[in-house]
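*Asks:* Could you look at this predicted model? Sequence included:
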Amino acid sequence: MKYDKDSYKQVVDEYTPKNKMLKNCVWAFIFGGAICLLGEIIKNVLMSGFNIAEQDAGPMSSVILIALSALLTGLGWYDKLGKIGGAGTVVPITGFANSVVSPALEYKREGYILGTASNIFKLAGPVLVFGYFSSFIVGVLSLLFS
């Protein structure tokens, strides 16, 4: 069977997956915004309902979001949200918590030391090392040039 240019293009177009970038960006925006909105709601509840100062309510709301993310990861729900929300669930602090808890749960069958402890930072470890190293370099440069 011989194809001409137009029929070949039609076959390629038929089997090529459709681009979902706009849809994915919209869902990421919605989920990322919802996570940040939840953080602000938690912060405002802590400030108004529990009379906690603003400088203390911010870090406490981050800790609560991390705990919620770890809980949702443990229940298997965070991955389901991630399939819909994409980068919107990965970028905030909750995504970082998910990247720490996921390997810990995956390797818990191998024991607490050889499984969980040795694999807990498998995904997040390089990010932490890079952050510590770059902050060290900036600190040294700041010390030398100030």
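*Replies:* Yep, it's here.

*Asks:* where does the chain dip in pLDDT?
*Replies:* In the predicted model, the chain carries pLDDT under 70 at residues 1.

*Asks:* can you pull the contacts of residue 46?
*Replies:* The contact partners of residue 46, by C-beta atoms under 8 Å, 6 or more residues apart in numbering, come to 52, 56, 57, 60, 61. For the C-beta atoms, the positions are set from N, CA and C on the backbone; glycine is no exception.

*Asks:* which of the residues in the strand or helix carrying it are buried?
*Replies:* According to DSSP states H and E, residue 46 maps onto helix 21-49. Across helix 21-49, burial judged by 16 or more other C-beta atoms under 10 Å covers 27, 28, 31, 32, 35, 36, 38, 39, 42, 43, 46, 47.

*Asks:* on that earlier part again, out of the contacts of residue 46, which are inside helices?
*Replies:* Per DSSP state H, helices hold the following members of the contacts of residue 46: 56, 57, 60, 61.

*Asks:* tell me the secondary structure for residue 122?
*Replies:* coil (DSSP: H, G, I helix; E, B strand; the rest coil).

*Asks:* Looks like it contacts residue 105 (just checking).
*Replies:* No. Look at residue 122 against residue 105 with C-beta atoms under 8 Å: they stay out of range, at 11.8 Å.

*Asks:* Kindly supply the ChimeraX command isolating those of the ones in helices among the contacts of residue 46 that are buried.
*Replies:* To isolate the buried members of the ones in helices among the contacts of residue 46 in ChimeraX, using 16+ other C-beta under 10 Å:
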select :57,61
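
*Asks:* I'd like the ones in helices among the contacts of residue 46 laid out as CSV, including distance to residue 88.
*Replies:* Listed next are the ones in helices among the contacts of residue 46 as CSV, based on distance: C-beta to C-beta, whole Å:
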residue, distance to residue 88
56, 27
57, 24
60, 23
61, 18
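
*Asks:* Now for the ones in helices among the contacts of residue 46: which two are most distant?
*Replies:* For those, the farthest-apart pair by C-beta to C-beta is 56 and 61; their separation is 9.8 Å.

*Asks:* Regarding residue 110, what are the backbone dihedral angles?
*Replies:* Dihedral pair for residue 110: phi -90, psi 0, per degrees, to the nearest 10.
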